[in-house]
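# Output the structure for:
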Amino acid sequence: MRLINRHPGRVAATLLGLAPFLLIIVLYGMASKERLAENPNDKLLPGLEQMVAGVDRMAFQEDRRSGDYLMWIDTAASLERLAIGMVIAAALALLVGIINGTLPLARANLSPLVSALSMIPPLAILPILFIVFGLGELSKVMLIVIGTAPIMMRDVAQRVRELPQEQFIKIQTLGASSWQLVTRMVLPQVLPRLIDSVRLSLGPAWLFLIAAEAISATEGLGYRIFLLRRYMAMDVILPYVIWITLLAIVIDQCLRFGNRRLFPWYNAGGH
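Numbers count the residues shown, from 1 in each chain. Next up is the predicted model:
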């Protein structure tokens with residue numbers, strides 16, 4: 001049997017998926033043990049006990065200065081910014097994407113602009129956002145919106161254009177108006193694609209969020225990482241990075257689960 005035709009079972013797939021993570025953990029443990037054996041005060045590769053102590057200090061002990069549990073304060077602040085930014089970006093993507101996909105006149109007018117916006121490196125305009133919107137929450141949210149919305153707009157518009165022309169002809173033959181065409185035919189078929197676009201945009205959104213928090217914030221996961229790097233506090237920085245990764249995975253899987261439950265017909269095709 002050719003290798004391309006061999007498919008692992010559920011158990012084998014799970015083990016194969018876990019293998020790279022276990023390998024990384026083993027390699028890190030070996031490197032950390034070797035460095036700590038040479039220098040017990042080494043901060044570059046902290047051991048498991050040091051990272052557990054760091055998490056305990058940040059998540060389960062009150063900060064002496066503020067009295068807050070810093071890890072949870074940082075998590076709440078970052079998730080709030082991320083949620084607001086992604087909701088706004090998704091709403092804009094849905095609106096502009098449907099307009100571009102269904103109305104040829106609008107596509108001729110807006111599509112070049114959307115394409116140009118999607119090519120702008122969002123981090124390059126971060127200083128401009130701070131100048132225009134200030135150093136508060138708005139500039140951080142706007143960076144997420146500007147960084148993710150244009151890509152999602154193009155994806156949604158492409159999904160609309162991929163819909164069979166027979167559907168457009170039939171629904172108009174039945175007397176549907178443009179509004180009914182959008183709400184009853186286009187919108188239900190585009191929503192699951194929008195959720196997929198949001199999932200794909202989560203990685204860049206986290207990047208933009210952390211970059212904005214690192215430059216101007218008083219709380220947040222990105223702010224804390226860049227604050228602690230001054231002290232080489234890898235026992236906290238590494239758990240924070242792992243925590244961000246876990247949050248991203250949980251959000252992605254929740255969106256995936258919601259997509260499957262809300263639109264089973266879409267996912268039955270192997271999406």
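
# who's in contact with residue 110?
Contact partners of residue 110, counting by Cβ atoms under 8 Å, 6 or more residues apart in numbering, are 96, 99-100. In this view, the C-beta of every residue, glycine as well, is placed from N, C-alpha and C.

# Who wins on neighbours among those?
Going through the contacts of residue 110 with other Cβ atoms under 10 Å as the criterion, the one with the most neighbours is residue 100, at 24 neighbours.

# Now do the buried residues in stretch 251-268.
Buried residues in stretch 251-268, defined by neighbour count with 16 or more other Cβ atoms under 10 Å: 251, 255, 259, 263, 266.

# I meant to write stretch 70-86 there.
Judged by neighbour count (16+ other Cβ under 10 Å), stretch 70-86 contains these buried residues: 70-71, 73-75, 77-78, 81-82, 84-86.

# from those, which single one is nearest residue 128?
The shortest distance between residue 128 and any of the buried residues of stretch 70-86, using Cβ to Cβ, involves residue 85 and amounts to 16.9 Å.

# just checking, what packs against the host helix or strand of that closest one?
Secondary structure assignment for residue 85, by DSSP states H and E: helix 70-102. Packing partners of helix 70-102 (3 or more Cβ pairs under 8 Å, 6 or more residues apart in numbering; DSSP states H and E): helix 48-59, helix 104-119, helix 137-162, helix 187-215, helix 221-228, helix 234-262.

# With residue 172 as the reference, name the closest of those.
Of all the helices and strands packed on helix 70-102, helix 104-119 comes closest under Cβ to Cβ, at 14.3 Å.

# tell me the angle the following helix or strand past that closest one makes with helix 187-215.
Elements were assigned by DSSP H and E; along the chain past helix 104-119, the next helix or strand is helix 126-133. With axes from the mean of the first three to the mean of the last three Cα atoms, to 10 degrees applied, the angle from helix 126-133 to helix 187-215 works out at 100 degrees.

# Give me the buried positions along helix 126-133.
Within helix 126-133, the residues scored as buried using 16+ other Cβ under 10 Å are 126, 129-130.

# How about stretch 138-151?
Neighbour counts using 16+ other Cβ under 10 Å place 139-151 of stretch 138-151 among the buried residues.

# list the contacts for residue 234?
Contacts of residue 234 were listed using Cβ under 8 Å, 6+ apart, and they are 43-46.

# Kindly recompute the last result at 7 Å.
With Cβ atoms under 7 Å, 6 or more residues apart in numbering as the criterion, the residues that contact residue 234 are 43-44, 46.

# Most neighbours among the residues you listed, which one is it?
For the contacts of residue 234, neighbours tallied by other Cβ under 10 Å; top is residue 46, 23 neighbours.

# element containing it?
Here residue 46 sits in a region with no helix or strand, counting by DSSP H and E.
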